[in-house]
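Q: need the 3D shape of this:
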Amino acid sequence: MVKPQVYMSLLKKLAGETAIYGLSSIVGRLLNYLLVPLYTRLFLEGEYGIVTQLYAWVGFLMVIFIYRMDTAFFRFGTSAEEKEQIFSTSFWSVATSALGFSLLLIFFSNDIAQWFSFAPGQSIYIVFFGVVLAFDTLAEIPLAKLRLENRPKRFAAIRLAGIGLNLGLNLFFLVLCPWLLKNGIATHLINSIYDPTFGIGYIFLINLLASTLVLLLLTPEILTVKWTFSTQLWKNMFIYAAPLILASLAGIVNEMLDRELLIRLLPFDIETNRGEQGIYSACYKLAMMMSLFTQAFRYAAEPFFFANAKHKDAKVLYADVTKYFTIAGALAFLVIVFYLDILKYFIGENYWGGLVVVPILLMANLFLGLYYNVSIWYKLTDQTMKGGWIALGGAGITIVLNIWWIPIFGFIGSAWATLICYFSMTVACWIWGQKYFPVNYDLKRIVFYIMFPLSLFLLSLLSENYLTSNQFFVYIINTILILSFLFITWQLERKFLLKAP
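A: Numbering: from 1, shown residues only. Next up is the predicted model:
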């Protein structure tokens, strides 16, 4: 019989580390969210579309640059005695790829800018991007080492330092410098360091400076890298990671392809299409608030799951984690959709036309988080190729539905395609996983914690349309609905939670 106190302490440990990692991902991203209203007010929709288009490619290129050596590092470094050799081999592997791929981006920057239909002179954005990707790749394995060593505080401090510098320099170059010039203050000094015509180029330059700081702060970890490289070890790690590369590439297709296809498939001119993509991307930022929690969870959960794989109650632990992740995600969904009329001020008014996609994308991100939970089976059983096939299936759904729906429904079609993709991947991964690594997930509760918030959301819409149009009363109703969700959840889960030591 499973003793709740045995794994309850593990759940608390995971929750605690998720909170600390969340300090860098959630708090840090929230600071970056402060830049969204700035960007969407300073730059035109088409200019912001360039920014979001390039950043949409970051995930895809990072997979190419690091080819999932971070996950292989967790898999081989968790129980191995030769951790230093594993760390050194992983680091030199990604360092080589970072240098090579970045040089290619820089060398072909003019051709890439032309392919993106950028204006002459904007190829410098690609150069900045290539260097940023190299620095971020070099930081990945040292950051993974901190996670593996259960040092979330140092991890969070380094990440927050980079984010803080990014935020500070954005405010300096995009707010303070223009204001000083406008008011004739320190004009000579400002003119020597600030060029008003550089525009969105500052976004990429600032990112480069922030990435440089993170890499410098990781110097103590980098200095522990030995001048050794095990070819056989690298082969074993690459064989493990290769299917994950396929899965990650397919996953990135699911995350970023809609941004690129909107520009190319919408039935307007290139600038109008880029503007529509900018609106969709700005509203996507609001939905990404859900993914902040998911990302923090992933940072803590991946090494946590590997470290506890041999625990006698591991499968019970995984089931509980999945259920409570669903609860947290459902609560996040309710908070965001119920107070969207407040949160929408994070983006410029010209972008509000895309707010309709936010609830759809929030639910999509909830299923993406569930997918991360139920996908642990193919990593623990070294059947990563199966994960690749699932991700490829999801990519196929994304491609087909976007090509079909974008010309008809615009970015709303992209939002629905994202939700259907992640839902399908979650269901397929759960079904396949029960064959090779059966986990007794509490499906009734999980389905309830998804359907109940959707019912409350529908009830809120009905009350807003038929009971009151006064926004103040709408907020009161929505707050009562959130409290009802919390109350019912507590009633359902308190017997288990009260057993905690």
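
Q: so what's the backbone phi/psi at residue 437?
A: phi -150, psi 70 (degrees, to the nearest 10).

Q: scratch that, residue 267 is what I was asking about
A: phi -80, psi 40.

Q: that one contacts residue 406, doesn't it?
A: No. Residue 267 is beyond contact range of residue 406, at 9.2 Å (criterion: C-beta atoms under 8 Å). Every C-beta, even on glycine, is put in place using the N, C-alpha and C of the backbone.

Q: so where's this structure shaky on pLDDT?
A: Scanning the chain for pLDDT under 70 picks out 1-34, 45, 78-81, 292-293, 295-312, 467-469, 496-501.

Q: how about the strands in it?
A: Using DSSP state E, no strands are found in the chain.

Q: count of residues packed around residue 186?
A: By other C-beta atoms under 10 Å, the residues close to residue 186 number 12.

Q: next up, the contacts around it.
A: residue 180 (C-beta atoms under 8 Å, 6 or more residues apart in numbering).

Q: with the one 4 residues further on instead?
A: Residue 190 makes contacts with 177, 180-181, as judged by C-beta under 8 Å, 6+ apart.

Q: mind checking how far the closest residue to residue 77 other than its chain neighbours is from residue 73?
A: Among residues not flanking residue 77 along the chain, residue 86 sits closest, at 4.8 Å (C-beta to C-beta, 6 or more residues apart in numbering). For residue 86, the distance to residue 73 equals 6 Å [C-beta to C-beta, to the nearest Å].

Q: which one's more surrounded, those two?
A: residue 73 (27 against 24).

Q: OK, contacts around the more buried one?
A: 86-87, 90, 141, 144-145, 148, 237.

Q: so residue 337 sits against residue 361, correct?
A: No. With contact defined as C-beta under 8 Å, residue 337 does not count as touching residue 361 (10.7 Å).

Q: how many neighbouring residues does residue 476 have?
A: Neighbours of residue 476 using other C-beta under 10 Å come to 12.

Q: skip the chain neighbours and tell me the closest residue to residue 263.
A: That would be residue 273: by C-beta to C-beta, 6+ apart, it lies 4.8 Å from residue 263.

Q: for the one you found, list the residues it contacts.
A: Neighbours of residue 273 in contact, by C-beta under 8 Å, 6+ apart: 262-264, 266.

Q: among these, which one has the most neighbours?
A: Most neighbours among the contacts of residue 273, by other C-beta under 10 Å: residue 262, with 25 neighbours.

Q: nearest spatial neighbour of that residue, skipping sequence neighbours?
A: residue 277 (4.3 Å).

Q: what's the distance between that neighbour and residue 200?
A: In terms of C-beta to C-beta, residue 277 sits 15 Å off from residue 200.

Q: higher neighbour count, those two?
A: Taking other C-beta under 10 Å, residue 277 and residue 200 do not tie; residue 277 has more neighbours (30 against 19).

Q: correct me, but the more buried one touches residue 264?
A: No. The pair residue 277 / residue 264 is not scored as a contact, 9.7 Å apart, by C-beta under 8 Å.

Q: quick one: the spatially closest residue to residue 84 that is not a sequence neighbour from residue 115, how far?
A: Once flanking residues are discounted, residue 84 sits nearest to residue 226: 5.9 Å by C-beta to C-beta, 6+ apart. Residue 226 sits 41 Å away from residue 115, going by C-beta to C-beta.
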